[in-house]
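Enquirer: Prediction below, plus the sequence it came from.
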Amino acid sequence: MSWWGKVLFGGVGAALGGPLGAIIGGALGHQMIDAKSQGQVTGRQKTEAAFFAAYFSSLGKIAKADGRVSPEEVAVVEDIISRRLRLNPEGRRAAIAIFNEAKSTEVPIGQYVRQFGEIFRYDREACTTFLLALIEVAAADHRLHQAELDCLYEAEEALRLPRGTVDAYLGRAGAGAGSGSDRQAEAPGQEEQSLKEAYTILDCFPEMGNDEIKAAYRRKIKEFHPDTIQSKGLPAEFTDFANEQLARINRAYERIARERGMK
């Protein structure tokens, strides 16, 4: 986010309002004011700020969900900031400040995520990309606590994504995980579970014909192209997550095609 050091953060926070505006104000205040840019917050900057603030706020809530932020979790977030997002020094300071502020507040993750969904009008592709970016970090240490899963399920619901989205992308389709919930299902065999995940990723059903599956696949490829995602307000630094979604879509289609004998 090359503009973070040039835009008045207070202006961005005021433009967003709600929990995301509050987290920007609480975390950053007036650290990075450029007097020339006061009052010049564009619509594009507003949506990018919403993605950025919601993302690092959510990471803070997930990291603290089990009661403590582990060194491994800090290392994962640092890696995301430096290697994956390649944030400049000002962007890095902003990300860490928002992460730290969020993990110390009582505001639940759902409030940050819900405001993100509202700003992006619950666009399926933008919301899915956001959720997948959270899942990658939550699952990075291969030790998902139930409290962390509950945060992901809360985000899934707040984004109005289909139930099962989190489980599918974690390789848990049919796992029935959830805090005291009705997510009860028989745990299928690995082959069946993998196929169920593939249908979920493509937004398809086993009852659909081959031509319908192919059409859904082509639609998904177009919808999750990085240029398409970025045109909806996704910061350029997050396009790697869109590329990973394309890879998942391709794997899902290949799995279904292999099962059906499609060419």
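Expert: Cool, the structure landed.

Enquirer: dump the residue contacts of residue 199.
Expert: Contact analysis of residue 199 by C-beta atoms under 8 Å, 6 or more residues apart in numbering lists 205-206, 252, 256. C-beta coordinates here come from the backbone N, C-alpha and C atoms, glycine included.

Enquirer: Remind me which helix or strand it belongs to.
Expert: For residue 199, the enclosing helix or strand under DSSP states H and E is helix 190-201.

Enquirer: picking that back up, please flag which of the contacts of residue 199 sit within helices.
Expert: 252, 256 (DSSP state H).

Enquirer: Residue 128 - how many residues pack around it?
Expert: As a burial measure, residue 128 scores 25 neighbours (other C-beta atoms under 10 Å).

Enquirer: Just the closest of the contacts of residue 199 to residue 128, please.
Expert: residue 252 (12.9 Å; C-beta to C-beta).

Enquirer: Show the contacting residues for the closest one.
Expert: Contact partners of residue 252, counting by C-beta under 8 Å, 6+ apart, are 197-199, 201-202.

Enquirer: Next one, pLDDT for it please.
Expert: What the model reports as pLDDT for residue 252 is 91.

Enquirer: The one 4 residues further on now?
Expert: pLDDT for residue 256: 94.

Enquirer: Surely it touches residue 195?
Expert: Yes: counting by C-beta atoms under 8 Å, residue 256 touches residue 195, with 7.0 Å between them.

Enquirer: Give me the distance between stretch 143-151 and the centre of its chain.
Expert: Centre-to-centre, stretch 143-151 and its host chain are 15 Å apart (C-alpha atoms, centre = their mean, to the nearest Å).

Enquirer: which stretch of helix or strand covers residue 230?
Expert: Element membership of residue 230, judged by DSSP H and E, is helix 226-231.

Enquirer: what's the answer for residue 150, then?
Expert: helix 146-158.

Enquirer: next one: residue 211
Expert: Assigned by DSSP H and E, residue 211 belongs to helix 210-223.

Enquirer: hmm, back to that, which one of the contacts of residue 199 sits closest to residue 65?
Expert: Of the contacts of residue 199, the one sitting nearest to residue 65 (C-beta to C-beta) turns out to be residue 252, at 28.4 Å.

Enquirer: How much space separates the closest one from residue 148?
Expert: Between residue 252 and residue 148 the computed distance is 24 Å (C-beta to C-beta, to the nearest Å).

Enquirer: Hmm, residue 51 is touching residue 234, no?
Expert: Yes: counting by C-beta under 8 Å, residue 234 is a contact partner of residue 51 at 6.3 Å.

Enquirer: Please give me every residue in contact with residue 130.
Expert: 51, 54-55, 113, 116, 159.

Enquirer: one more time with 7 Å, if that's ok
Expert: 51, 55, 116, 159 (C-beta atoms under 7 Å, 6 or more residues apart in numbering).

Enquirer: And it, which helix or strand is it part of?
Expert: Residue 130 belongs to helix 124-138 when elements are defined using DSSP H and E.

Enquirer: buried sites along that helix?
Expert: 125-138 (16 or more other C-beta atoms under 10 Å).

Enquirer: Equivalent analysis for stretch 110-122, please.
Expert: 110-117, 119-120.

Enquirer: now stretch 196-209
Expert: Buried, per 16+ other C-beta under 10 Å, within stretch 196-209: 196-204.

Enquirer: now do stretch 74-81
Expert: 76-77, 80-81.

Enquirer: Take those residues and keep only those in helices.
Expert: Those of the buried residues of stretch 74-81 mapping onto helices are 76-77, per DSSP H.

Enquirer: Return the closest of the buried residues of stretch 74-81 with respect to residue 262.
Expert: residue 80 (36.4 Å).

Enquirer: thinking that closest one is in contact with residue 137, fair?
Expert: Yes: using C-beta atoms under 7 Å, residue 80 is in contact with residue 137, at 6.2 Å.

Enquirer: who's in contact with residue 262?
Expert: Here residue 262 is in contact with residue 210 (C-beta under 7 Å, 6+ apart).

Enquirer: Please repeat the previous calculation with a cut-off of 8 Å.
Expert: Applying C-beta under 8 Å, 6+ apart, the residues near residue 262 are 210, 213-214, 256.
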